[in-house]
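Trainee: after the sequence you'll find the predicted model.
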Amino acid sequence: MGVDRSLNYGRENVRDFLGIAAPYSSVVDLGSGKGEDLRVAGEICPAARLHGIDISTADIERDRYPFADESVDVVIANQILEHTKELFWSAHEVSRILRKGGHFIVGVPNLASAHNRLLLAFGRQPTCIRSYSAHVRGFTKGDLLSFLESGFPGGYDCRKTAGSNFYPFPAPVARPLAKLLPNLAVTFFLLLRKQLPYTGAFLVAPSREQFETPFYVGHVRPASPPQSRP
């Protein structure tokens, strides 16, 4: 019995977080793929409007998301932010469309997982941020929370955290270990509640801090309509 990598998506955690966020009337899933998280959202609140954005409908790193300001109750980004260089733009658009009091559900690979710490101790590359892979960012829980607070001070309150999967163990062992030691799990999940109105703070941050990397902060291309179902 080997590692079950499907656990990295933490569907149980997403379901739990959506239950806390309910009732909601609209959900946007970034990088929606086959729509598994949207399906769960629809099961919890059957009347909610469900929208999926993926590479066929919009470039989440450069396009303006096709939703009005403060119009969405829940945004999900499950295993997508590690693929994005333009994190400031993505955080800006999420914060723009999410209503005050709405929830942002994030799931990303954990750079500080037990197996990655062990790999680094032996001078090996962490599995979540290898050069020959699709990932361009590595996250720890503290670093991601610090990014959000620095870019949008007081903007988000972390209501709950969780972990999923635990390498190199099979599912019957990995599940309880991730629940017991979420900060050492393969992936971590945050349930964030938007606390304040948003006025574009994430687009100001790169120039204010004089980062040497030229992050994208504007010149938007029109986005195609999102995939939706009632």
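Mentor: That came in fine, so what should we check first? The structure displayed is predicted, hence computed values, not measured ones.
Trainee: number of nearby residues for residue 101?
Mentor: 11 (other C-beta atoms under 10 Å). C-beta here means a position set from N, CA and C on the backbone, and glycine is covered the same way.
Trainee: show me which helix or strand of the chain is least confident by mean pLDDT.
Mentor: strand 227-229 (a mean of 55; mean pLDDT, DSSP states H and E).
Trainee: distance-wise, check residue 183 relative to residue 173.
Mentor: 18 Å (C-beta to C-beta, to the nearest Å).
Trainee: between those two, who's got more neighbours?
Mentor: Neighbour tally, residue 183 and residue 173, criterion other C-beta under 10 Å: the higher count belongs to residue 183, 15 against 12.
Trainee: so the more buried one: helix, strand or coil?
Mentor: helix (DSSP: H, G, I helix; E, B strand; the rest coil).
Trainee: SS state for residue 75?
Mentor: strand.
Trainee: for it, which residues are in contact?
Mentor: 27-30, 94, 97-98, 102-105 (C-beta atoms under 8 Å, 6 or more residues apart in numbering).
Trainee: so what's it bridging to?
Mentor: Beta-bridge partners for residue 75, by DSSP bridges, are residue 28, residue 104.
Trainee: so what does residue 211 have for phi and psi?
Mentor: Phi and psi for residue 211, reported as degrees, to the nearest 10, are phi -60, psi 140.
Trainee: check residue 160 too.
Mentor: The phi/psi pair for residue 160 (degrees, to the nearest 10) is phi -160, psi 150.
Trainee: for it, give its distance to residue 106.
Mentor: 11 Å.
Trainee: ok, residue 159 - how many residues close by?
Mentor: Neighbours of residue 159 (other C-beta under 10 Å): 13.
Trainee: how about it, what does it touch?
Mentor: 20, 103, 191-193.
Trainee: closest to residue 143 among those residues?
Mentor: residue 192 (14.5 Å; C-beta to C-beta).
Trainee: can you tell me the SS state at that closest one?
Mentor: Residue 192, by the three-state scheme (three-state DSSP), is strand.
Trainee: ok, now how distant is it from residue 36?
Mentor: In terms of C-beta to C-beta, residue 192 sits 21 Å off from residue 36.
Trainee: neighbour-wise, which of those two wins?
Mentor: Per other C-beta under 10 Å, whichever of residue 192 and residue 36 has more neighbours is residue 192, with 24 against 14.
Trainee: what residues are up against that one?
Mentor: 103-106, 148, 156-159.
Trainee: separation between it and residue 29?
Mentor: 15 Å.
Trainee: what does residue 119 give?
Mentor: 31 Å.
Trainee: the more surrounded of these two?
Mentor: residue 29 (27 against 15).
Trainee: ok, the more buried one touching residue 40?
Mentor: No. In this structure residue 29 lies outside contact range of residue 40 using C-beta atoms under 8 Å: 10.0 Å.
Trainee: surely residue 135 forms part of a strand?
Mentor: No. Applying three-state DSSP, one finds residue 135 to be coil, outside a strand.
Trainee: ok so, going back, quick one: buried ones out of the contacts of residue 159?
Mentor: Buried members of the contacts of residue 159, counted by 16 or more other C-beta atoms under 10 Å: 103, 191-193.
Trainee: and the strands in the protein?
Mentor: 26-30, 49-53, 72-78, 98-109, 156-164, 187-194, 227-229 (DSSP state E).
Trainee: could I get the CA-only coordinates of the fourth one as PDB?
Mentor: Taking C-alpha atoms only, strand 98-109 is exported to PDB below (Å, rounded to 0.1, in the frame of the first residue of the first chain):
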ATOM      1  CA  LEU A  98     -14.800  38.900  -2.400                       C
ATOM      2  CA  ARG A  99     -17.400  40.700  -0.200                       C
ATOM      3  CA  LYS A 100     -16.600  41.900   3.300                       C
ATOM      4  CA  GLY A 101     -17.400  39.000   5.500                       C
ATOM      5  CA  GLY A 102     -16.800  36.500   2.700                       C
ATOM      6  CA  HIS A 103     -14.400  33.600   2.900                       C
ATOM      7  CA  PHE A 104     -11.200  32.600   1.000                       C
ATOM      8  CA  ILE A 105     -10.300  28.900   1.100                       C
ATOM      9  CA  VAL A 106      -6.700  28.200   0.300                       C
ATOM     10  CA  GLY A 107      -4.900  24.900  -0.100                       C
ATOM     11  CA  VAL A 108      -1.200  24.700  -1.000                       C
ATOM     12  CA  PRO A 109       1.700  22.300  -0.700                       C
END
